[in-house]
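Trainee: Structure of the sequence below:
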Amino acid sequence: MTNRTVLVTGADGFIARQLIVNLLGKGYGVRGTLRDIDRAAALKTTLASYAPVKTLSFVAADPMSSAGWADAVRGVDAVFYLATSDDIPDRLNPVRPALESVLRVLKAARDAGVTRVIVTSSVAAVVYGHGSKTRIDPFSESDWSNLHNGHVSTHHEAMTRAELAVWDFAMDYPEMEITTINPGEVFGPLLGEDVAFTSNIVRDLLTGEYSGLPRVGFEGVDVRDVAELHERALTNDLSIGNRYLCTAGFLWLRDVAEVLRGEFSDHADKVPTRDLSDIAVRVGALFDRKASRTATELGLYTPCSTAKACSDLGWQPQPALDAVRATAHSLIAANLV
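Mentor: Alright, predicted model coming up:
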């Protein structure tokens, strides 16, 4: 048990909820930030079903505004910065908001004398823009997405530049003890029905939103394992000054569809079976913004190594397909598909 108090930003997010439950279960005091403080009571009631919430509190703070952050970081022992899509209001140009948000929180922590910060980044800061579609050697923490080849989306650029800014900040303020965690596509159970769900892939497949299966893939991971790696990073000083890939296996979209169709028979008729040709996806990208992002990732194989997280922090994630199954069970139980 511990008497440490930590700050978790974006407390209503998919990863944040699981992290808060993990931390409360291990005896931490948790202060969560919310853009809309009116959501605090409902969120606390939801989380009370999964962990003791006596030491859980909330404060109002928006990463896009300076208001509230001095109070948010005051008296805490560490900060977990978890950006959510709601934190980035400008979907067309998310780079500037992403940079401003993370630097605002880092500066608030520094000014309050809080030196320990765990930042949630993404594999998006690692695996894109390298030219070749097929990666022979897995990506590692030494890799960074290449922003200079013209084939990186603005979302991926924003995640990459935000993490680069974190490490620049760490160089300027060596007293700061920073770790970054780089998850892949996050699956797993929902905590409550009203949640900013990180991965819509399973839901969209089960509800027939996909007309076919484009040739795209991703590294997957369970949200509970993401939360566990964050907590392990906090409690192990070996993580200070390091970044950690947080994935559990590469999945093609077809792999996900086949599992859902084979194991969730009541929804199988809505899960597509036909493949979409690359040409069809590229034509669709001319008219649909979501398809345009898919088009840039066609055939891209981006395996990642988590050897560093496993060796440094003793982390052992469950297989990515098990995380997909957990997502489907959770969505069905909540009548969300």
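Trainee: Helices of the protein, start to end?
Mentor: 14-25, 40-47, 69-73, 95-111, 154-172, 201-206, 223-235, 253-263, 278-285, 289-295, 307-313, 320-333 (DSSP state H).
Trainee: Which one of these lies nearest to residue 79?
Mentor: helix 95-111 (4.9 Å; Cβ to Cβ). Bear in mind the C-beta positions are built from the backbone N, C-alpha and C, glycine included.
Trainee: for the closest one, packing partners?
Mentor: With contacts defined as 3 or more Cβ pairs under 8 Å, 6 or more residues apart in numbering; DSSP states H and E, the packing partners of helix 95-111 are helix 69-73, strand 78-82, strand 116-120, helix 154-172.
Trainee: For residue 256, which of the ones you listed is the nearest?
Mentor: helix 154-172 (20.6 Å).
Trainee: Touching that closest one from outside, list them.
Mentor: Helix 154-172 is contacted by residues 83, 88, 92-95, 97-99, 101-103, 106, 119, 121-122, 124-125, 128-129, 144-145, 147, 152, 176, 178, 180, 182, 241, 243, 293 when judged by Cβ atoms under 8 Å, 6 or more residues apart in numbering.
Trainee: Separate out the buried members of these.
Mentor: 83, 88, 94-95, 97-99, 101-103, 106, 119, 121-122, 124-125, 128-129, 144-145, 147, 152, 176, 178, 180, 182, 243 (16 or more other Cβ atoms under 10 Å).
Trainee: rewinding a little: where among the helices of the chain is average confidence lowest?
Mentor: Lowest mean pLDDT within these: helix 289-295, a mean of 63.
Trainee: Just confirm residue 301 contacts residue 137, I think it does.
Mentor: No. With contact defined as Cβ atoms under 8 Å, residue 301 does not count as touching residue 137 (11.6 Å).
Trainee: Which one of those two is surrounded by more residues?
Mentor: residue 301 (13 against 8; other Cβ atoms under 10 Å).
Trainee: which residues does the more buried one bridge with?
Mentor: The partner list for residue 301 in beta bridges (DSSP bridges) reads residue 134.
Trainee: Distance check, it against residue 170.
Mentor: 31 Å (Cβ to Cβ, to the nearest Å).
Trainee: repeat for residue 237
Mentor: For residue 237, the distance to residue 170 - Cβ to Cβ - is 15 Å.
Trainee: With residue 44 instead?
Mentor: Residue 44 is 33 Å from residue 170, by Cβ to Cβ.
Trainee: With neighbour numbers in mind, choose between the two.
Mentor: residue 170 (20 against 16).
Trainee: roughly how far apart are the more buried one and residue 68?
Mentor: From residue 170 to residue 68 the distance is 24 Å (Cβ to Cβ).
Trainee: Next: residue 212.
Mentor: 45 Å.
Trainee: which of those two has more neighbours?
Mentor: residue 68 (18 against 14).
Trainee: check contacts around the nearest residue to the more buried one once chain neighbours are set aside.
Mentor: Closest residue in space to residue 68, ignoring its immediate chain neighbours: residue 61 at 3.6 Å, by Cβ to Cβ, 6 or more residues apart in numbering. Contacts for residue 61 (Cβ under 8 Å, 6+ apart) come out as 9, 33, 34, 35, 67, 68, 69, 71, 72.
Trainee: If we use 7 Å, what do you get?
Mentor: Each residue near residue 61 by Cβ atoms under 7 Å, 6 or more residues apart in numbering is listed here: 33, 68, 69, 72.
Trainee: Give me the neighbour count for the first one.
Mentor: A count of nearby residues for residue 33, using other Cβ under 10 Å, gives 27.
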